[in-house]
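S.K.: What shape does this take:
(2 chains)
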Amino acid sequence: MAKAAVRAGLVAVGLAWVLVAQVVLAADAKTYVVEGSKAAALESCVEPTDVMRRKHMELIKHQRDETVHGGIRTSKHSLAGCVDCHIRYDADHAPTPIHRKDEFCGACHAFAAVNLNCFDCHAAVPKGAGADSASHAAFQAVGVDRSVQARPDGEDH
Amino acid sequence: MGKTTEMKDHHEPTDQAADSRPADSSRRAFMGVAAGVTAAVVAPGVVLHSVTAAPRSEAVAGDVRWGLLIDTAKCADGCSACVDACGRENGLDLQSKPEGAAQAHWDDQKAVWIRKVKLRDNQTGRVTNLPMMCQHCEHPPCVDVCPTGASFKRADGIVMVDRHTCIGCRYCMMACPYKARSFIHEVMEDQLTRVPRGKGCVESCNLCVHRRDFGEASTACVDACREAGHEAIVFGDLKDPESTIRLRLAEMASRQIREDLSLNTGVRYSGI
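M.R.: Predicted coordinates:
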């Protein structure tokens, strides 16, 4: 009888741990937007956060055809826009490639174990003249002046 | 000029009356004067570079066809201004030789969008220099052979590769009569935002397509050639009868390279 009570107690403790772990994971998931990026200063992305989490790949896949074949460069769903807004600048104002494991794209893709091929070809940091032109539309869409500046880590904390 | 050298696409009605409208001449003269006055007012110290620089928000249409006219008489021997500028504009200068590769092999393999070609007539000894790039054919053989539809012609006449669908089979490189295409053999890093590039895809000159889409007036090679003082390359709209390139084409003899193939190239050469 005592054994059964202990067993039941252990199961209860185990269940409690699982619940706590879930909550911790959920809390973790909210922190994918990295400190020191322009996005960290904004309310939401170009679409509501839950839409972006589930549909971002479809949005940019649709947009890429319009851009490559139609030459449309004003879409708010552009990969260059993602990079420009979500890139983290370190203390030396140098951008950190966004597909690295602890950066915005790389962290979530590593967590979800989904291959990330975009940056085999696309620039993982904003690079070259006109790199911010593509993000202009995205900034307009979220109603923010494009002059939102990324702050190096720790400057505002 | 045969039918194949017509500037417009075959499926579009040709505007036969374009050159025979006397009523227009006075209007054109006025426009010319107006343009001159504007230039005189604007010119001192002000360079109006990319006045209409607004990103494209509607899909390209067939009312324009971009092209180049190259005056080989002005193309200088030993000058590589266009090639270098193309490399900087399109990130080709960011490629690096794989470790252990021979230099000669790398020179053969690295992606190049413009090649300087020197022709010598063995009978007369006359030497001609010209830049060779994608000729932006109206009927591009690279598009014909592509098994996935990755090689395509944009509505404004630019022949390019959709690298999202390119599988790297290189049929297009075999099919191109101009040796205009390159293959990326190695993993790339540090690409430019405006020019994505990755291992396993084919690429070639796209007439600085990002400049087209952001409303700039010319290409990197044209700017570089002008800055080097040669002005051998003219860029413009082949369908606009008033464009500089059309006016030049109307006054000077020009040819397509391999015109026997009836590809109706968008890049024309004079002096060959």
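S.K.: Alongside chain B, which residues does chain A contribute?
M.R.: Taking C-beta under 8 Å from any C-beta of the partner chain as the contact definition, chain A meets chain B at A:64-74, A:80, A:83, A:120-123, A:126-131, A:133-134, A:136-137. (Glycine included, C-beta is placed from N, CA and C.)
S.K.: try it again with 7 Å
M.R.: Counting by C-beta under 7 Å from any C-beta of the partner chain, chain A comes close to chain B at A:64, A:68-74, A:80, A:120-123, A:126-128, A:130-131, A:133.
S.K.: How about the residue of the stretch 101-250 of chain B at minimum distance from chain A: what's its closest non-neighbour residue?
M.R.: For the stretch 101-250 of chain B and chain A, the shortest gap (C-beta to the nearest C-beta) falls at B:Gly198, measuring 3.2 Å. Nearest residue to B:Gly198, sequence neighbours excluded (C-beta to C-beta, 6 or more residues apart in numbering or on different chains): A:Cys121, at 3.2 Å.
S.K.: Quick one: buried ones out of the residues of chain A next to chain B?
M.R.: A:64, A:68, A:70-74, A:80, A:120-123, A:126-128, A:130-131, A:133 (16 or more other C-beta atoms under 10 Å in any protein chain shown).
S.K.: so who does the residue nearest to B:Gly198 touch?
M.R.: A:Cys121 makes contact with B:Arg163, B:Gln191, B:Pro196, B:Arg197, B:Gly198 under the criterion C-beta atoms under 7 Å, 6 or more residues apart in numbering or on different chains.
S.K.: Report the central residue of chain A.
M.R.: Centroid-nearest residue in chain A: A:Phe104, 4.1 Å away (criterion: C-alpha atoms, centre = their mean).
S.K.: quick one: contacts for it?
M.R.: A:Phe104 neighbours (C-beta under 7 Å, 6+ apart): A:Tyr32, A:Val33, A:Val34, A:Ser37, A:His86, A:Ile98.
S.K.: want to throw those into JSON lines with pLDDT?
M.R.: Converted to JSON lines, the contacts of A:Phe104 look like this (pLDDT from 0 to 100):
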{"residue": "A:Tyr32", "pLDDT": "77"}
{"residue": "A:Val33", "pLDDT": "87"}
{"residue": "A:Val34", "pLDDT": "87"}
{"residue": "A:Ser37", "pLDDT": "86"}
{"residue": "A:His86", "pLDDT": "92"}
{"residue": "A:Ile98", "pLDDT": "94"}
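S.K.: Name the nearest of those relative to A:Val114.
M.R.: Of all the contacts of A:Phe104, A:Val114 sits closest to A:Tyr32, with 13.7 Å by C-beta to C-beta.
S.K.: do you know how far that closest one is from chain B?
M.R.: In this view, A:Tyr32 and chain B are 22 Å apart by C-beta to the nearest C-beta, to the nearest Å.
S.K.: ok, that residue touching A:His109?
M.R.: No. The pair A:Tyr32 / A:His109 is not scored as a contact, 10.3 Å apart, by C-beta atoms under 7 Å.
S.K.: The residue nearest to A:Pro97 when sequence neighbours are not counted: helix or strand, and which one exactly?
M.R.: Among residues not flanking A:Pro97 along the chain, A:Ala124 sits closest, at 3.9 Å (C-beta to C-beta, 6+ apart). Using DSSP states H and E, A:Ala124 sits within no helix or strand.
S.K.: What about A:Ala124, how many residues nearby?
M.R.: 24 (other C-beta atoms under 10 Å in any protein chain shown).
S.K.: Ok, the one 5 residues further on next?
M.R.: Residues contacting A:Ala129 under the criterion other C-beta under 10 Å number 11.
S.K.: With B:Pro241 instead?
M.R.: 13.
S.K.: repeat for B:Lys179
M.R.: Neighbour count of B:Lys179, defined by other C-beta under 10 Å: 12.
S.K.: again with the one 4 residues further on
M.R.: Residue crowding around B:Phe183 was assessed by other C-beta under 10 Å; the count is 18.
S.K.: who touches it in this structure?
M.R.: B:Gly168, B:Arg170, B:Met173, B:Val202.
S.K.: Mind checking which of those are buried?
M.R.: B:Met173, B:Val202.
S.K.: tell me which of the contacts of B:Phe183 is nearest to B:Arg226?
M.R.: Out of the contacts of B:Phe183, the member with the shortest distance to B:Arg226 (by C-beta to C-beta) is B:Val202, at 29.8 Å.
S.K.: beta partners for the closest one?
M.R.: B:Phe183 (DSSP bridges).
S.K.: Which pair of the contacts of B:Phe183 spans the longest distance?
M.R.: B:Gly168 and B:Met173 (10.1 Å).
S.K.: Pull up the overlap in contacts between these two.
M.R.: Residues touching both B:Gly168 and B:Met173 (C-beta under 7 Å, 6+ apart): B:Phe183, B:Val202.
S.K.: residues in chain B within reach of chain A, list them.
M.R.: Looking at chain A, the residues of chain B close enough under C-beta under 7 Å from any C-beta are B:55-60, B:152, B:154, B:162-164, B:191-194, B:196-199, B:210, B:212-214.
S.K.: among those residues, which are in helices?
M.R.: Members of the residues of chain B next to chain A lying in helices (criterion: DSSP state H): B:His210, B:Arg212, B:Asp213.
S.K.: Give me the neighbour count for the second one.
M.R.: In this case it means B:Arg212. 21.
S.K.: The residue of the stretch 101-250 of chain B closest to chain A contacts B:Ile184, correct?
M.R.: Yes. Applying C-beta under 7 Å, one finds B:Gly198 in contact with B:Ile184, separated by 6.3 Å.
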